[in-house]
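K.L.:
Just the structure for this:
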Amino acid sequence: MWALIVKIVIAIILIKVIAVTYMYFSGSCKINKSFPRSSKFTLLKRFNFSLGADLQKCVHKMVANKSIQKRLSIKTFPETFFNCAMPNKKGITISTANILKHCPQLVKYYQTCLRDTISNLVGLEVFPTSLKYPTSCALLIYNEMGDWINWHYDYNYYNGRFFTVLIPITKGVTCTKYEYYDENGIIQSIDLTNFGICFEGNYVYHRASKLCAGEHRVILSCQFVTDNTINWVNRLRIKIKDFAYTGKL
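P.N.:
Next comes the predicted model:
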């Protein structure tokens, strides 16, 4: 009897150790990081943007097209474990492939105008990530109560620096805020309305807070790197991560 109890306790401890180890290396745990500084950019910056009427019309058509949307819901309890946030996520994604098919002009904007804007913003030449990845240029839709993304770092699979850009499609203020820990360890909360943000997610611990009932939020998410090369281990890891968005490897 005691031998069985000991085995169960050991199994529970091993599961917890494995879970914490996974969360640590996947970007779920808040840790102290030394981050790159430059005269133009450190961690996060806001910028003005203009999509234009044609692009906005195209985006709203995709938002109305339920057939190209994938809802993901990952819920764990508790939501945090020590200083690690469990990988909770709830919301809809329209992947790069579907945007390329239904609104190729948005992909062109991502690869040209937006790329130039971000290069100037960070003071480095950046490049779009591969269009074969579903999160390179994606639409994030929150339209159910509790839609959110828990605290995390954006893991950098690339050999160069990695930047995430968020552009609001809907302008109204909602319960869903972009929240992050600043350099002093203080949580900052941003309403994404009339400006976009660019941040180096590998160093910024951030989340999207939960949506309230009856609200609606649409965000364009784009990724840029200074070097698009990626080793075979990270290539496999990114495919496993993106399985949640496509349902296939």
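
K.L.:
okay, CA-based contacts and neighbour counts for the rest of this
P.N.:
Noted.

K.L.:
What ranges does this structure have for its helices?
P.N.:
For the chain, applying DSSP state H gives helices covering 2-26, 53-64, 96-102, 104-111, 113-122, 232-246.

K.L.:
Flag the helix or strand of the protein with the lowest per-element mean pLDDT.
P.N.:
Scoring the helices and strands of the chain by mean pLDDT, DSSP states H and E places helix 2-26 at the bottom, with a mean of 59.

K.L.:
So what's the residue count around Lys132?
P.N.:
Under the neighbour criterion other CA atoms under 10 Å, Lys132 is assigned a count of 10.

K.L.:
Quick check: phi and psi at it.
P.N.:
phi -80, psi -10 (degrees, to the nearest 10).

K.L.:
Could you check how far it is from Ile99?
P.N.:
12 Å (CA to CA, to the nearest Å).

K.L.:
Likewise for Asn88?
P.N.:
As defined by CA to CA, Asn88 lies at a distance of 25 Å from Ile99.

K.L.:
for Ile230, same thing?
P.N.:
Counting by CA to CA - Ile230 and Ile99 are separated by 24 Å.

K.L.:
what do you get for Lys61?
P.N.:
On the measure of CA to CA, Lys61 and Ile99 end up 11 Å apart.

K.L.:
Looking only at neighbour counts, state which of these two leads.
P.N.:
Ile99 (21 against 13).

K.L.:
Report the central residue of the protein.
P.N.:
With distances taken as CA atoms, centre = their mean, Asp154 lies nearest the centre of the chain, 6.3 Å away.

K.L.:
Quick one, grab the pLDDT at it.
P.N.:
Looking at Asp154, its pLDDT is 92.

K.L.:
Ramachandran angles for it?
P.N.:
Dihedral angles (degrees, to the nearest 10) for Asp154: phi -80, psi 110.

K.L.:
That one contacts Phe199, correct?
P.N.:
No - the pair Asp154 / Phe199 is not scored as a contact, 9.8 Å apart, by CA atoms under 8 Å.

K.L.:
So what's the residue count around Ser209?
P.N.:
Neighbours of Ser209 (other CA under 10 Å): 19.

K.L.:
So the nearest residue in space to it that is not next to it in sequence versus Arg217, what's the distance?
P.N.:
Distances taken as CA to CA, 6 or more residues apart in numbering put Thr176 closest to Ser209, at 4.8 Å, once the chain neighbours are dropped. Distance from Thr176 to Arg217, counting by CA to CA: 8 Å.

K.L.:
who has more neighbours, the two?
P.N.:
Set side by side, Thr176 and Arg217 show more neighbours around Thr176, with 24 against 21, by other CA under 10 Å.
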